[in-house]
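[1] have a look; sequence and predicted model below, questions after that.
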Amino acid sequence: MSLLKVDGLSKEFGGVHAIEDLSFVINPGTIHSIIGPNGAGKTTLFNLITAVYTPSCGKILFDDKDIAGKKPYELAAMGMSRTFQNLQIFFNMPAIENVMVGHHLHLNRRFLPSLLRLPAVVRRDRECRDYCASLMEFVGLSRYVGADAASMPYGALKRLEIARALAAKPRLLLLDEPAAGLNATESREIDEVIKKVARTGVTVVLVEHDMKMVMGISDAILAIDYGRKLAEGTPAEVRANPAVVSAYLGAHA
Amino acid sequence: MWKTARIGGLGALALILVLAPLGFPNAYFYDIAVKALFNAVVCIGLNLLIGYGGQISLGHAGFFALGAYGSAILTVTYKLPALPAMLLSALGVGVLAYLIGRPILRLKGHYLAMATLGIGIIIHIVLKTESGLTGGPDGMGVDPFSVMGFTMMGDRMWYWAAAALLVLAVWLSLNLIDSPVGRALRAVHGSEVGAEVVGVDTSSYKVMVFVVSAVFASLIGSLFAHKDGFITPDIGSFFRSVEFVVMVVLGGMASTFGSVVGAIILTLLPQVLTVVEDYEAMVFGGIMMGTMIFLPKGLLPSLVAGLRKRGGAAQ
């Protein structure tokens, strides 16, 4: 059974087809990469899957349920979480609280208990803080547990977003260019984090430019260009596909 | 560390409120002090919206005035006891804020400022023109606040009531901020889409904090009406709305104690500035500009940051 099924998906922006008639399936427990040249529609696809954009037509099924009309926060409750290419960090908050916001759905969110600071809320919040500190350690941010998000370097913030997304306890984690802007060492470290996440049973979908990373960690790859599917398969299959090679080398012939 | 700051801050505030009257030479000082404390409670509510939630309201004096007139009309015209009248008014204002908030909190930045500004102005005009109900621009008299035979008389009594209320408001505000609800609220300020994808229903949180801040203003408006004994529509004027916002910004956004400091300073300042008479407005404006240029984070956060830097150097 598939965790995510995309069927005949299209998205138009004022006559431009960012995504055109795209169909694919993502199976649980895999690392699935979406690749393509700049402007191929990767981020648009991500925004469609996470309901940030509404499709022009086509269907997206998460867990066999149509996500049409769902708000992003409702998808989060269904078990889908994501990170962003251009960071969406809460810079007005400490790093650990960024992660704690990720755990929002698993806490008592009623107004009065919070306002009156009931002991149960305080206790649960302390547990949440410990749990989120362990998540920060998991992504390699133990030295930033007491830091303000605003004082952290770019590479650390990318991991902070992963920790925040994990705090929501997703079954499907979407990572939008997790290695963009990182140097080779940082990129390898992110690699390890992603593999570790996948080992915990979370299905990972990533959009990435870094070919070395994609080929190294993916179980399956989807290559798109101009919003259409170019190729699909294992890393070896996709690498050997002539359409992919020509799209990347620009040898349109 | 956070815990000690909380309890220490509340304790210090209570101590200052208890000791302050020792320095009051006459009853007039009590009157000003009560106004300052009332403003402080309104600003704590408004700071939840502006400083923590990252939204803006240029119409909060409207909610304040609705609370005041709600209490006035219900007690004078409909002979309701003061407490139920106050709670009923707050409930009405809360519902109104909810109905207005749902559509307008989709707006951002300048657009939201304009929309809330419009609401404040509409409320002001309605209070002025519905003279059958409100007495129009001439205002209306309000009876003293009494609960079960006990009547609030004199500024001294009001001072202690307002002081207790302020401590309560600070406590509630600190609780809320450091809770799952408050965290989600601050996250909305940080990044709406970032909050949304981890399960925060951002539009609900914005409406929630808008309602809470409006209810704060309404409750204080009711008390103000009973204390002063006479209200005019000008308590809901645009200038008053701006004054509340300026108090929050001057004291320090996203700082509960900062709002208290801002409200007290800006309530007392006009009293102090009477010595410069004709230049009062100029000096006032100059202080505001200076604060924004040199202490853009507001008085209290800048002060705390300065002290922390010194403390860090000493360690």
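    Happy to help now that I have it.

[2] the residue in the stretch 51-200 of chain B positioned nearest to chain A: neighbour count?
    Closest contact between the stretch 51-200 of chain B and chain A, by Cβ to the nearest Cβ, is at residue B:190 (2.8 Å). Every C-beta, even on glycine, is put in place using the N, C-alpha and C of the backbone. Residue B:190: 21 surrounding residues under other Cβ atoms under 10 Å in any protein chain shown.

[3] just checking, it touches residue A:95?
    No. With contact taken as Cβ atoms under 8 Å, residue B:190 and residue A:95 are classed as non-touching, separated by 11.9 Å.

[4] can you tell me the closest non-neighbouring residue to the closest residue to chain B within the stretch 1-150 of chain A?
    Residue of the stretch 1-150 of chain A nearest chain B, by Cβ to the nearest Cβ: residue A:90 (2.8 Å). Of all residues not flanking residue A:90 in the chain, residue B:190 sits nearest, at 2.8 Å (Cβ to Cβ, 6 or more residues apart in numbering or on different chains).

[5] can you pull the contacts of that neighbour?
    Residue B:190 makes contacts with A:89, A:90, A:91, A:92, A:93, A:98, B:54, as judged by Cβ atoms under 8 Å, 6 or more residues apart in numbering or on different chains.

[6] tally of neighbours for the residue of the stretch 1-150 of chain A closest to chain B?
    Neighbours around residue A:90, by other Cβ under 10 Å: 23.

[7] where do the helices of chain B begin and end?
    Using DSSP state H, the helices of chain B run over B:2-19, B:27-47, B:60-72, B:82-104, B:109-129, B:131-134, B:154-177, B:180-190, B:192-196, B:202-228, B:238-251, B:256-272, B:280-294, B:299-314.

[8] interface residues of the stretch 51-200 of chain B facing chain A?
    Proximity of the stretch 51-200 of chain B to chain A (Cβ under 8 Å from any Cβ of the partner chain) is limited to residues B:54, B:172, B:175-176, B:178-184, B:186-187, B:189-191, B:193-200.

[9] repeat that for 6 Å
    Proximity of the stretch 51-200 of chain B to chain A is confined to B:172, B:175-176, B:179-181, B:183-184, B:186-187, B:189-191, B:193-194, B:196-200 under the rule Cβ under 6 Å from any Cβ of the partner chain.

[10] per-residue confidence at the residue nearest to residue A:90?
    At residue B:190, the pLDDT value in this model is 96.

[11] same check on the one 10 residues further on?
    According to the prediction, residue B:200 has pLDDT 96.

[12] quick one: the residue of the stretch 1-150 of chain A closest to chain B and residue A:97 touch, right?
    No. Residue A:90 lies out of contact with residue A:97 (Cβ atoms under 6 Å); the separation is 7.3 Å.

[13] just the buried residues of the residues of the stretch 51-200 of chain B next to chain A.
    Buried subset of those (neighbour count, 16 or more other Cβ atoms under 10 Å in any protein chain shown): B:172, B:175-176, B:179-181, B:183-184, B:186-187, B:189-191, B:194, B:196-200.

[14] list of residues touching stretch B:40-48?
    Stretch B:40-48 is contacted by residues B:60, B:165-166, B:169, B:173, B:209, B:213, B:216-217, B:220, B:244, B:247-248, B:256, B:259-260, B:263 when judged by Cβ atoms under 6 Å, 6 or more residues apart in numbering or on different chains.

[15] let me see the mean pLDDT of it.
    98.

[16] identify the residues contacting stretch A:142-162?
    In contact with stretch A:142-162 (Cβ under 6 Å, 6+ apart) are residues A:83, A:87, A:89, A:91, A:93-96, A:98, A:133, A:136, A:139, A:141, A:182, A:186.

[17] filter those down to the ones in helices?
    A:95, A:96, A:98, A:133, A:136, A:186.

[18] filter those to keep only those in contact with chain B.
    Answer for those near chain B: none qualify (Cβ under 6 Å from any Cβ).

[19] among those, who's most crowded?
    Going by other Cβ under 10 Å, residue A:98 tops these with 31 neighbours.

[20] quick check: that residue touching residue A:165?
    No. Judged on Cβ under 6 Å, residue A:98 makes no contact with residue A:165 at a distance of 10.7 Å.

[21] what's the neighbour count on the nearest residue to residue B:207 once chain neighbours are set aside?
    Of all residues not flanking residue B:207 in the chain, residue B:101 sits nearest, at 4.3 Å (Cβ to Cβ, 6+ apart). Residues near residue B:101, counting by other Cβ under 10 Å, number 24.

[22] wait, isn't residue B:101 in contact with residue B:210?
    Yes. The criterion here is Cβ under 6 Å, and residue B:101 meets it with residue B:210 at 4.1 Å.

[23] tell me which strands and helices the helix or strand bottoming out on mean pLDDT in chain A is in contact with?
    Ranked by mean pLDDT, DSSP states H and E, the weakest helix or strand in chain A is helix A:242-249, scoring a mean of 80. Applying 3 or more Cβ pairs under 6 Å, 6 or more residues apart in numbering or on different chains; DSSP states H and E, one finds that helix A:242-249 contacts strand A:228-233.

[24] so which residue is smack in the middle of chain A?
    residue A:174 (2.0 Å; Cα atoms, centre = their mean).

[25] output the below-cut-off pLDDT ranges for the stretch 151-253 of chain A.
    Within the stretch 151-253 of chain A, the stretches with pLDDT under 70 are A:249-253.

[26] OK, contacts around whichever residue of it sits closest to chain B?
    Residue nearest to chain B within the stretch 151-253 of chain A (Cβ to the nearest Cβ): residue A:168, separated by 4.6 Å. Applying Cβ under 6 Å, 6+ apart, we find residue A:168 in contact with A:76, A:81, A:102, B:198, B:199.

[27] same thing but 8 Å
    A:76, A:81, A:102, A:103, A:104, A:105, A:106, B:198, B:199.

[28] next one: residue B:76
    B:140, B:141, B:142, B:143.

[29] quick one: buried ones out of these?
    Buried members of these, scored by 16+ other Cβ under 10 Å, are B:140, B:142.

[30] now distance to residue A:230 and pLDDT too, for the contacts of residue B:76, in CSV please.
    Below are the contacts of residue B:76 laid out as CSV (distance: Cβ to Cβ, whole Å; pLDDT from 0 to 100):
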residue, distance to residue A:230, pLDDT
B:140, 75, 95
B:141, 79, 95
B:142, 75, 95
B:143, 79, 93
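
[31] Throw the contacts of residue B:76 into a markdown table and include distance to residue B:37, thanks.
    Formatted as a markdown table, those follow (distance: Cβ to Cβ, whole Å):
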| residue | distance to residue B:37 |
| --- | --- |
| B:140 | 24 |
| B:141 | 23 |
| B:142 | 19 |
| B:143 | 22 |
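
[32] tell me which of the contacts of residue B:76 fall in strands.
    B:140, B:141 (DSSP state E).

[33] so how far is chain A from the residue nearest to the spatial centre of chain B?
    Nearest to the mean C-alpha position of chain B, by Cα atoms, centre = their mean, lies residue B:42 at 1.5 Å. Here residue B:42 is placed at a distance of 17 Å from chain A (Cβ to the nearest Cβ, to the nearest Å).

[34] for the residue nearest to residue B:192 when sequence neighbours are not counted, grab the count of nearby residues.
    Leaving out its chain neighbours, the residue that sits closest to residue B:192 by Cβ to Cβ, 6+ apart is residue B:202, at 4.9 Å. When neighbours are counted by other Cβ under 10 Å, residue B:202 registers 22.

[35] ok, now which ones touch residue B:202?
    Taking Cβ under 8 Å, 6+ apart, one finds A:73, B:188, B:192, B:195, B:196 in contact with residue B:202.

[36] same check on residue B:104?
    Residue B:104 makes contacts with B:112, B:115, B:116, B:119, as judged by Cβ under 8 Å, 6+ apart.

[37] want to throw those into TSV with pLDDT?
    Listed next are the contacts of residue B:104 as TSV, based on pLDDT from 0 to 100:
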residue	pLDDT
B:112	95
B:115	96
B:116	96
B:119	96
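
[38] most neighbours among these, which one is it?
    Counting neighbours by other Cβ under 10 Å, residue B:116 comes out on top of the contacts of residue B:104 with 26 neighbours.
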